[in-house]
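# Mind folding the following:
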Amino acid sequence: MNKFIGLLLILVLAASCKNETESIVKITTEFGDIKIRLYDKTPKHRDNFLKLVDEKFYDGLLFHRVINHFMIQGGDPTSKNAGPDVMLGEGDVDYRIEAEFVPEYFHKKGVLAAAREGDDTNPERKSSGAQFYIVQGKVYSPEQLEATVKSINERRKMALYGRLKNQYKDEFTRLQEANDLEALDELSEKLTRECDSLFVNEEFVLTEAQKQAYTTVGGTPHLDGQYTVFGEVIEGLDVLDKIAAVKTNSFDRPVKDVVIEKIRR
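Sure, this is the predicted structure:
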């Protein structure tokens, strides 16, 4: 019995220590505080965010891009003390972070994710070293979610077809100039078959966990697999909603600045 009690105490202490070392940060704003837990399975993003937090990098920056029912975005170093008519979003640190896509982390309401440059200049989908966003999103009915998935896959397939077609650009040009319609049809059919074959690996399919989240708490499913998710709000979803609802200008910057007063562990 004494051995059992001793083992139990060790397990309780171990669990307690684990909770004490969990990476949690608090974002302070005039609308209230947002407390966020950082995921251990995305260590590069976690450690970089904590590094910037400890350097007080984010203190005084703005949530410079706010879209209601979508997300709030911050971390642009040029947003500190920026004039009211300045378009923000291009500022960053001088490095990017390797993508850390973890299937169980997706864009449900309240997750913290890294912003990044588009696929055309950033095909590896590396993250911004500083800019981040917090998802608000919306709640989907099962029918809306099904339609959204269908639309996502249509766009992905078109993008894949476009990339493949670009590889055959010279051949298409040669056949068009020769007015060889039969060969053009054959090349198009070949391209379609190749696209269908490759798309099996790119098709967007929701897990049961995603379906459950998007039809209850909500989120932004079209961002899944495109941007690294590395944390989630554990307190302050109401603050997220308040910030997302502020009035914005034509380029989604709040008319009245929403300042990140500080972020601390």
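# low-confidence ranges in the stretch 1-150 of the chain?
For the stretch 1-150 of the chain, the stretches flagged by pLDDT under 70 are 1-21.
# ok, which stretches of it are strands?
Secondary structure of the stretch 1-150 of the chain, counting by DSSP state E, counting those that start in this stretch: strands at 24-29, 32-38, 63-67, 71-74, 96-97, 111-114, 127-128, 132-135.
# Tabulate these (TSV), appending mean neighbour count and distance to Glu202.
In this view, the C-beta of every residue, glycine as well, is placed from N, C-alpha and C. As requested, those are arranged in TSV below (neighbours: other CB atoms under 10 Å; distance: least, CB to CB, whole Å):
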stretch	mean neighbour count	distance to Glu202
strand 24-29	18	34
strand 32-38	18	29
strand 63-67	22	26
strand 71-74	25	24
strand 96-97	20	23
strand 111-114	26	20
strand 127-128	24	20
strand 132-135	25	22
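# Could you check these and tell me which one is nearest Asp85?
strand 63-67 (12.8 Å; CB to CB).
# ok, then the element right after the host helix or strand of Gln210?
With the criterion set as DSSP states H and E, the secondary-structure element containing Gln210 is helix 208-214. With elements assigned by DSSP H and E, the helix or strand that comes after helix 208-214 is strand 229-235.
# CA-only coordinates of that following strand, as CSV, when you get a sec.
Output in CSV follows, covering the C-alpha atoms of strand 229-235 (Å, rounded to 0.1, in the frame of the first residue of the first chain):
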residue,chain,number,x,y,z
VAL,A,229,-1.5,26.4,-36.6
PHE,A,230,0.6,26.5,-33.5
GLY,A,231,-1.7,27.4,-30.5
GLU,A,232,-5.2,28.1,-29.3
VAL,A,233,-7.1,30.5,-27.1
ILE,A,234,-8.0,29.0,-23.7
GLU,A,235,-9.5,32.2,-22.3
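# Name the residues that touch it?
With CB atoms under 8 Å, 6 or more residues apart in numbering as the test, strand 229-235 has contacts from 24, 33-39, 42, 45-46, 49, 100, 102, 105-108, 110-114, 134, 240.
# what do you get if the cut-off is 6 Å, keeping everything else the same?
Applying CB atoms under 6 Å, 6 or more residues apart in numbering, the contact partners of strand 229-235 are 34-39, 42, 45, 105, 110-113.
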